[in-house]
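S.K.: Starting from these lines, generate the structure:
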Amino acid sequence: MPATPETTLSENRTNTCIPNGTAGADATNMGILATPDPTLYDHGLGEVTFTHNGSDMDILWETPCLDFNNLLYSSSLFIHGITLDNSLDTFISDRVLKTPRWSMFGCIFHSIAHVPMAMHLLIAISSMDLNQRCPEPAISLSVTRAHFRKGSEMLIQRMNFESEPDHFSTLSTWLFLYLCMTHRDILNRKAIDRLSMAIANYVQRYDLDRLSAGITSKEQALASTWPDQYRPAQPGLIGRLLLLLASEDIRMGFEQCGGHLANRLFSHEGMYWRLYSQQRYILERYWGQDYPECEVMHDVETAAAMELGHRVGLLVHKVNELSKDASDQAKPRDFEIEKGIFDTQTEYSSIFRLTQSSTAHRSPLLRVAEAAVISFYFVQLYYFRLTLKDWTVPTPPQIILTLAELMSLAHRAFNERDHWGHGIFDLPLSMAAIETKDRIHVEWIIPRISTMRFRTALSQVIFLQDQTSTRLSIARIRQILESPVT
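M.R.: Got it, this is the predicted structure:
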């Protein structure tokens, strides 16, 4: 997702619906999803077991204690005899630009072994992703739905508790629910919009963004339910989780849904950057001496490129918001975005120069820089298409140059062995394929889009543009993305 270099959120998705009356007053006030989806209740849970170190344990929510720490690195998670480990490993690797075990996702997995509601949704995501990567479904849809239903219901129950919840595990579950929602073949915009609003309301209710930014004096409240050894790190971890959620929220804003959490975090840019600075080196503080020195070096070396990625995420959000404005209200925001594009390219010129070098060493810094810069090129293409008045005009030289630079970075990244974070390229490559006239580029791009829904929609957009010899508007592209014809 063109929001932060550590994560990308590019996927296809499941209806999220809780039956009317399930949520109590608290959950209802928070805007939690209320539209029922009968398909979630047609089937039982099915045969699901969790195996770790040779012992089988029931994965049902009644089982309170499960060892999930090594899920990505051992054959431990089975559904009907099918392991989900490789699928989950791939799913996470597509979204990070550092060793998955030491990424924020690794931190989450290390911390949620005792949180069944989060694990149910994680299993749902993994099985959905596995089915989408296989020619034929490997896991029954009823099993995925049952885990999605149980995790969602348990989250609603958690929100109805009178006592303040454990914010880390609750936000982790919100993140998994968001990923489930956005990982389906047909997008439910209204449900995602309600989910984004619910998360934003939760953050506002407990003032989590301000606490994580160190603006209030209540940091101790965030650590109240955290094990003693992790208390010093928790406010930063909450901030890191908020940035992960905001990344997905911004990405969904491109499809004109969600965005409420992003609005909350970006409403005061000063507070956002304080939150960002608080969590910059949080992973080393969380893991302590177990955190490898090479990962510490990675975090230090890539700090400026990571910051650029967050600046780009802010620009994407502003373009998303521009797309909602009426024409007579858009001029001030137009100027703000154009100034932001110019200032970003000027302020981070060294990073742009690094990505354009053909002799630069393939270092972690270069990989993170490329992810941030290719997301910046996405902003330029997105803003150009959104503000274009004449759909038949020739492509301007600046946009042609942007396309060339974007494709150069993409070729370099995909030619690298074991390169993480390919999902980050979904939106930039999709926009490049839509704008370019080079059929060779288009044929190279389509199979490298990690999301089936995006691949299908992209083929339809390009076909329609070829048939009409004119560009499609962003609004029309969004319509196709919502429910592409397979």
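
S.K.: Now residue 185. Its backbone dihedrals?
M.R.: Phi and psi for residue 185, reported as degrees, to the nearest 10, are phi -80, psi -30.

S.K.: State the pLDDT value of the closest residue to residue 362 other than its chain neighbours.
M.R.: Spatially, and ignoring its direct neighbours in sequence, residue 362 is nearest to residue 416 (6.4 Å; Cβ to Cβ, 6 or more residues apart in numbering). To be clear about C-beta, it is placed using only N, CA and C from the backbone, and glycine gets the same treatment. Per-residue pLDDT puts residue 416 at 76.

S.K.: One more: residue 94?
M.R.: Looking at residue 94, its pLDDT is 75.

S.K.: again with the one 5 residues further on
M.R.: Residue-level confidence at residue 99 comes out at 84, pLDDT.

S.K.: Which residues lie in contact with it in this structure?
M.R.: 106, 295 (Cβ atoms under 8 Å, 6 or more residues apart in numbering).

S.K.: Could you check how far the residue nearest to residue 362 is from residue 351?
M.R.: In this view, residue 416 and residue 351 are 18 Å apart by Cβ to Cβ, to the nearest Å.

S.K.: Between these two, tell me which one has more neighbours.
M.R.: Legend: neighbour count by other Cβ atoms under 10 Å for residue 416 and residue 351, higher for residue 351 (24 against 14).

S.K.: so who does the more buried one touch?
M.R.: Counting by Cβ under 8 Å, 6+ apart, residue 351 has contacts 304-305, 308, 369, 372-373.

S.K.: what comes up buried for the helix or strand residue 121 falls within?
M.R.: Assigned by DSSP states H and E, residue 121 falls within helix 116-133. Of all the residues in helix 116-133, those buried under the rule 16 or more other Cβ atoms under 10 Å are 116-132.

S.K.: what does stretch 343-358 give?
M.R.: Buried residues in stretch 343-358 (16+ other Cβ under 10 Å): 344, 348, 351-352, 354-355.

S.K.: ok, which pair from those is furthest apart?
M.R.: The largest separation in the buried residues of stretch 343-358, counting by Cβ to Cβ, is between 344 and 354 at 15.0 Å.

S.K.: Quick check: of the contacts of residue 351, which has the highest neighbour count?
M.R.: residue 372 (30 neighbours).

S.K.: Give me the pLDDT for it.
M.R.: Reported pLDDT for residue 372: 95.

S.K.: Roughly how far does it sit from residue 392?
M.R.: 33 Å.

S.K.: again with residue 476
M.R.: Taken as Cβ to Cβ, the span from residue 476 to residue 392 is 15 Å.

S.K.: ok, those two, which is more surrounded?
M.R.: residue 476 (13 against 9).

S.K.: which residues touch that one?
M.R.: By Cβ under 8 Å, 6+ apart, no residues touch residue 476.

S.K.: before we move on, the earlier item: please verify my assumption that the residue nearest to residue 362 contacts residue 363.
M.R.: No - contact between residue 416 and residue 363 fails when scored by Cβ atoms under 8 Å: they sit 11.4 Å apart.

S.K.: remind me which residues of the stretch 201-350 of the chain are low pLDDT?
M.R.: The stretch 201-350 of the chain contains residues with pLDDT under 70 at 216-233, 326-331.

S.K.: That one: helices as residue ranges?
M.R.: According to DSSP state H, counting those that start in this stretch, the stretch 201-350 of the chain carries its helices in the segments 208-212, 219-222, 234-253, 260-266, 269-279, 282-287, 293-301, 303-322, 331-347, 349-356.

S.K.: Tell me which of those sits nearest to residue 452.
M.R.: Going by Cβ to Cβ, the one of these nearest residue 452 is helix 234-253, 16.3 Å.

S.K.: quick one: the closest one to helix 303-322, angle?
M.R.: Going by axes from the mean of the first three to the mean of the last three Cα atoms, to 10 degrees, helix 234-253 is angled at 50 degrees with respect to helix 303-322.

S.K.: in helix 234-253, what counts as buried?
M.R.: 234-253.
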